[in-house]
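Engineer: return atomic coordinates for the entry below.
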Amino acid sequence: MSITITPTFTVEEQTLADLLITAFEGGSNYWVSGATPLGAQTVVRPWYSDPEIWKAPALSIYLTDAETGERYELTPEGARKGLELLATKHPQHWADLVDENMDAVTADVWLQLSVFGEIVFG
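Structural biologist: Down below sits the predicted model:
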């Protein structure tokens, strides 16, 4: 007999902001040289620490590749997909997120999954 379960877990906007902070301030800065938000209204500095940005329906964050200057887009839908891939393909990092024990590697893996659907760098 086999049993399949699909648990539901809510990730709050603050957790997404924490992931961005950790990615931009250490985890992903070896491949991301800059980030620009579009569609977000925020007064918090730095802007990526504001959980309110994730409530903007038209949010897009453009990341600049540190080596090529190429731009990549991060959207709320991409962030959601990145979380799903983290949970299904990288359970050790998902466990760190759920246990509030995430680090720079967790944030970098999530950001790459959110933008590319896979780990491209590192």
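Engineer: contacts and neighbour counts: CA atoms only from here.
Structural biologist: Will do.
Engineer: show me where the protein has helices.
Structural biologist: Along the chain, counting by DSSP state H, helices occupy 13-22, 76-89, 91-98, 104-116.
Engineer: so what secondary structure elements neighbour the third one?
Structural biologist: In other words, helix 91-98. helix 76-89, helix 104-116 (3 or more C-alpha pairs under 8 Å, 6 or more residues apart in numbering; DSSP states H and E).
Engineer: could the helices of the chain be laid out in a markdown table, adding distance to Lys55, mean pLDDT and mean neighbour count?
Structural biologist: What follows is the helices of the chain, written out as a markdown table (distance: least, C-alpha to C-alpha, whole Å; pLDDT from 0 to 100; neighbours: other C-alpha atoms under 10 Å):
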| stretch | distance to Lys55 | mean pLDDT | mean neighbour count |
| --- | --- | --- | --- |
| helix 13-22 | 8 | 95 | 20 |
| helix 76-89 | 9 | 95 | 18 |
| helix 91-98 | 20 | 95 | 16 |
| helix 104-116 | 17 | 97 | 23 |
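Engineer: so can I have CSV of the helices and strands packed on helix 91-98 showing distance to Leu16?
Structural biologist: Listed next are the helices and strands packed on helix 91-98 as CSV, based on distance: least, C-alpha to C-alpha, whole Å:
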stretch, distance to Leu16
helix 76-89, 8
helix 104-116, 9
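Engineer: and of those helices, who's closest to Ser33?
Structural biologist: Ser33 lies closest to helix 104-116 among those, at 13.4 Å (C-alpha to C-alpha).
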